[in-house]
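Engineer: Okay, structure incoming, though there's no sequence with it:
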């Protein structure tokens, strides 16, 4: 099957420009799209055409906010310009309320964002989430990914690293938890932050976290006050000898992996929304996730590429989603029951307690043993990522080809 992509003016040009609101990474002149680079990695055959009758128009909005006036204008004009078309972001996930509204309003619009399924199976025939950032890690046309395929497992000085660049509310929650908890294997008056490699960036403007932290006040009001106060007083913690950040370079210095036993990943959240419920276990108010789904970024992929054990603080169900792609979580080390915990603050505490439950000596003994289940799983996951014949790449290619077929067969 060969997919025909529609273009106007030049092949590989986006159907909208930066002036329209498109924000596509590494597009230096504001005119280009990137879906073709994804097809190259997946091995999907494609060609370009100026004839709309037999081609797919793909409107790439990039990181343009999906609740902005510009986004709405692009949707409206695309619906009027094309018999049917795909609105694409290979960079960001969109929230369910926006997805539902667009699909209900426009019968000829397909939405393809950088996410995973809202439900076990496809949520809507015209909503096509896809973990684009995972694929981009292997595209030289989109970015450079620096890895160290032979790290040493006998030089660890810390239990874990947790790298949190740029402030976001979810990062602030996890950082506050790590600042709040003392290590289980010491009586020193220090927190998990001081005893491990943890980075943090304070917010650049006045922000509030009360809507998120308020979900936890019934459980621990003192911690909530601590976290809220921290927005104004927590200072930057930077990584020694760090790699300069750019959108087209994904890398960590090797000492991050060789000096720590575990990568505690604060993964990007997909913007999940919640509704109030009752927690019958604790007999307290609780919450239910409405649209939580994993947002897989380079934060999760880099440790696996570098053969480093990992644990993720991300959306509810994140580890289960990775496992569905053939990437096995480290359930031989950690109790992953937190993966189904709907409250993001409780989940942060449970993740922190799991990563801290071993002492450094125990971690080193497990990770330095090439025959341990952990090391075997590291090798297997690395194979799944890098071998293009693995279950991961077959599944990703099949998923994209299914989407393209659904688009071609759709008649409204």
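Structural biologist: Structure's in. What do you need? Keep in mind that what you see is a predicted model, and the values were worked out from it rather than measured.
Engineer: Okay, now the unreliable bits of this structure?
Structural biologist: 118-121, 270-292 (pLDDT under 70).
Engineer: in it, which spans are strands?
Structural biologist: Assigned by DSSP state E, the strands in the chain fall at 2-6, 45-49, 58-60, 85-88, 109-112, 144-145, 158-162, 197-198, 249-250, 260-266, 274-279, 284-289, 310-313.
Engineer: Parallel or antiparallel, which strands does the third one pair with?
Structural biologist: Strand partners for strand 58-60, identified by DSSP bridges, are recorded as strand 85-88 (parallel).
Engineer: What residues does residue 25 make contact with?
Structural biologist: Counting by CB atoms under 8 Å, 6 or more residues apart in numbering, residue 25 makes contact with 34, 62, 63, 91, 142, 247, 248. (Each C-beta comes from the backbone N, C-alpha and C, glycine too.)
Engineer: what's the answer for residue 247, then?
Structural biologist: 25, 26, 143.
Engineer: hang on, the last one packs against residue 302?
Structural biologist: No: Residue 143 is beyond contact range of residue 302, at 11.9 Å (criterion: CB atoms under 8 Å).
Engineer: Between the two, which has more neighbouring residues?
Structural biologist: residue 302 (23 against 20; other CB atoms under 10 Å).
Engineer: How much space separates that one from residue 200?
Structural biologist: 18 Å (CB to CB, to the nearest Å).
Engineer: The nearest residue to residue 170 once chain neighbours are set aside: neighbour count?
Structural biologist: Of all residues not flanking residue 170 in the chain, residue 269 sits nearest, at 4.7 Å (CB to CB, 6 or more residues apart in numbering). Applying other CB under 10 Å, we find 22 residues neighbouring residue 269.
Engineer: gap between the residue nearest to residue 124 when sequence neighbours are not counted and residue 368?
Structural biologist: Using CB to CB, 6+ apart and skipping residues adjacent in sequence, the residue nearest residue 124 is residue 103, 5.7 Å away. In this view, residue 103 and residue 368 are 51 Å apart by CB to CB.
Engineer: same check, this time on residue 411
Structural biologist: Taken as CB to CB, the span from residue 411 to residue 368 is 59 Å.
Engineer: Equivalent analysis for residue 303, please.
Structural biologist: For residue 303 relative to residue 368 (CB to CB), the value is 17 Å.
Engineer: Of the two, give the one with the bigger neighbour count.
Structural biologist: residue 303 (26 against 16).
Engineer: surely residue 11 meets residue 50?
Structural biologist: No: with contact defined as CB under 8 Å, residue 11 does not count as touching residue 50 (9.1 Å).
Engineer: dump the residue contacts of the nearest residue to residue 71 once chain neighbours are set aside.
Structural biologist: Spatial nearest neighbour of residue 71, excluding adjacent residues (CB to CB, 6+ apart): residue 64 at 5.4 Å. Residue 64 makes contact with 21, 22, 23, 70, 71, 74, 89 under the criterion CB under 8 Å, 6+ apart.
Engineer: how about a cut-off of 6 Å?
Structural biologist: Residues near residue 64 by CB atoms under 6 Å, 6 or more residues apart in numbering: 21, 23, 71.
Engineer: Compile these into a markdown table and extend it with columns for distance to residue 78 and neighbour count.
Structural biologist: Output for those, formatted as a markdown table (distance: CB to CB, whole Å; neighbours: other CB atoms under 10 Å):
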| residue | distance to residue 78 | neighbour count |
| --- | --- | --- |
| 21 | 12 | 17 |
| 23 | 16 | 17 |
| 71 | 11 | 19 |
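Engineer: Nearest to residue 79 among those residues?
Structural biologist: residue 71 (12.8 Å; CB to CB).
Engineer: State the distance from that closest one to residue 98.
Structural biologist: Taking CB to CB, one finds residue 71 at 8 Å from residue 98.
Engineer: Give the burial count for residue 389, as a bare number.
Structural biologist: Neighbour tally, residue 389, other CB under 10 Å: 8.
Engineer: How about residue 236?
Structural biologist: Residue 236: 9 neighbours (other CB under 10 Å).
Engineer: Please apply the same query to residue 149.
Structural biologist: A total of 9 residues lie near residue 149 under the criterion other CB under 10 Å.
Engineer: With residue 67 instead?
Structural biologist: Residue 67, neighbours per other CB under 10 Å, totals 11.
Engineer: Check the gap between it and residue 96 for me.
Structural biologist: For residue 67, the distance to residue 96 - CB to CB - is 12 Å.
Engineer: With residue 324 instead?
Structural biologist: In this view, residue 324 and residue 96 are 20 Å apart by CB to CB.
Engineer: Residue 108 too?
Structural biologist: Taken as CB to CB, the span from residue 108 to residue 96 is 20 Å.
Engineer: Comparing these two, which residue is more hemmed in?
Structural biologist: residue 96 (19 against 14).
Engineer: Quick check: the more buried one vs residue 143, distance?
Structural biologist: Taken as CB to CB, the span from residue 96 to residue 143 is 29 Å.
Engineer: go on, residue 201?
Structural biologist: 21 Å.
Engineer: For residue 102, which residues are in contact?
Structural biologist: Applying CB under 6 Å, 6+ apart, the residues contacting residue 102 are 75, 109.
Engineer: what are the ranges of the helices in the stretch 301-412 of the chain?
Structural biologist: With helices called from DSSP state H, counting those that start in this stretch, the stretch 301-412 of the chain shows them at 318-324, 344-355, 360-368, 373-386, 391-409.
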